[in-house]
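> Build the 3D model from these lines:
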Amino acid sequence: MSQEQDTEVPGAEERLARQIDFLREIDKIKGVFRQTWLLDGSRKENDAEHSWHLATMAMLLAEYAAEPGIDLARVVRMVLVHDLVEIDAGDTFAYDEVGERDKAAREQAAADRIFAILPPDQAAEVRALWDEFEARRTGEARFAAALDRLQPLLHNYCTQGAAWREHGVTAGQVLARNRHMAEGAPKLWRYAERLIHNAVRKGYLAGE
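Have a look, this model is predicted:
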């Protein structure tokens, strides 16, 4: 074996070791629970289940993206990594005003640590996906963000407002929190608005 080959093998082994370390680290996301209840009401969902659900939604609902010709693969990758920072930062409930104050700082610190486990090229790639999702400056990010809002809204509606009622959330809060869905998927936002108004009518959600 040449000296050149000798030096290549440890590098390859180190790269794989870092990739495996990252895969082991992100397994922790299965233990980060959200406030959203499963549709059968048996328990609250975890972040891994949420991310899987969003990836499937992206595949099925891509036709409703505001911008035609979006890169669906990029959307799927974005939603799969968007909540990995919650391994360190924890899940901040959408309507938790106190938790929202330092959420950005907690999540930035988490992104710095977790994504750096990967080899540098992949660390930069995954971090860029996360930053893109957070900034919502691309059509893909805006569509991904719209799905991220629609999914818990659907769960709340189908569980008769379980998390909304648990936390005393009002229709005004839900409308304000979710209206940016229109930027990424206007038809889905119109559907969401109907769900919100129906939820008030049925008593699942407190009025304004």
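> Now do the helices in this protein.
Ranges of helices in the chain, per DSSP state H, are 3-26, 47-61, 72-81, 86-89, 97-101, 103-115, 120-135, 139-158, 162-167, 171-178, 181-184, 186-202.
> a markdown table for those helices, including distance to Leu39 and mean neighbour count?
(C-beta placed from N, C-alpha, C; glycine too.) Below are the helices of the chain laid out as a markdown table (distance: least, Cβ to Cβ, whole Å; neighbours: other Cβ atoms under 10 Å):
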| stretch | distance to Leu39 | mean neighbour count |
| --- | --- | --- |
| helix 3-26 | 25 | 12 |
| helix 47-61 | 10 | 18 |
| helix 72-81 | 19 | 20 |
| helix 86-89 | 21 | 20 |
| helix 97-101 | 25 | 11 |
| helix 103-115 | 27 | 16 |
| helix 120-135 | 25 | 16 |
| helix 139-158 | 5 | 23 |
| helix 162-167 | 10 | 18 |
| helix 171-178 | 18 | 17 |
| helix 181-184 | 20 | 22 |
| helix 186-202 | 14 | 16 |
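> Let me have those in TSV, extended by mean pLDDT and distance to Val32.
Conversion of these to TSV gives the following (pLDDT from 0 to 100; distance: least, Cβ to Cβ, whole Å):
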stretch	mean pLDDT	distance to Val32
helix 3-26	78	10
helix 47-61	98	4
helix 72-81	98	14
helix 86-89	96	5
helix 97-101	80	14
helix 103-115	96	11
helix 120-135	98	16
helix 139-158	98	15
helix 162-167	95	16
helix 171-178	96	20
helix 181-184	98	24
helix 186-202	98	25
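> could you dump these to JSON lines with distance to Thr36?
Below are the helices of the chain laid out as JSON lines (distance: least, Cβ to Cβ, whole Å):
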{"stretch": "helix 3-26", "distance to Thr36": "20"}
{"stretch": "helix 47-61", "distance to Thr36": "7"}
{"stretch": "helix 72-81", "distance to Thr36": "15"}
{"stretch": "helix 86-89", "distance to Thr36": "13"}
{"stretch": "helix 97-101", "distance to Thr36": "16"}
{"stretch": "helix 103-115", "distance to Thr36": "17"}
{"stretch": "helix 120-135", "distance to Thr36": "18"}
{"stretch": "helix 139-158", "distance to Thr36": "5"}
{"stretch": "helix 162-167", "distance to Thr36": "6"}
{"stretch": "helix 171-178", "distance to Thr36": "13"}
{"stretch": "helix 181-184", "distance to Thr36": "16"}
{"stretch": "helix 186-202", "distance to Thr36": "14"}
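> which residues does Arg34 contact?
By Cβ atoms under 8 Å, 6 or more residues apart in numbering, the contact list for Arg34 reads Lys44, Glu45, Asn46, Asp47, His50, Asp91, Pro152.
> Of these, which pair is most distant in space?
Maximum pairwise distance in the contacts of Arg34, criterion Cβ to Cβ, is 13.1 Å, between Asn46 and Pro152.
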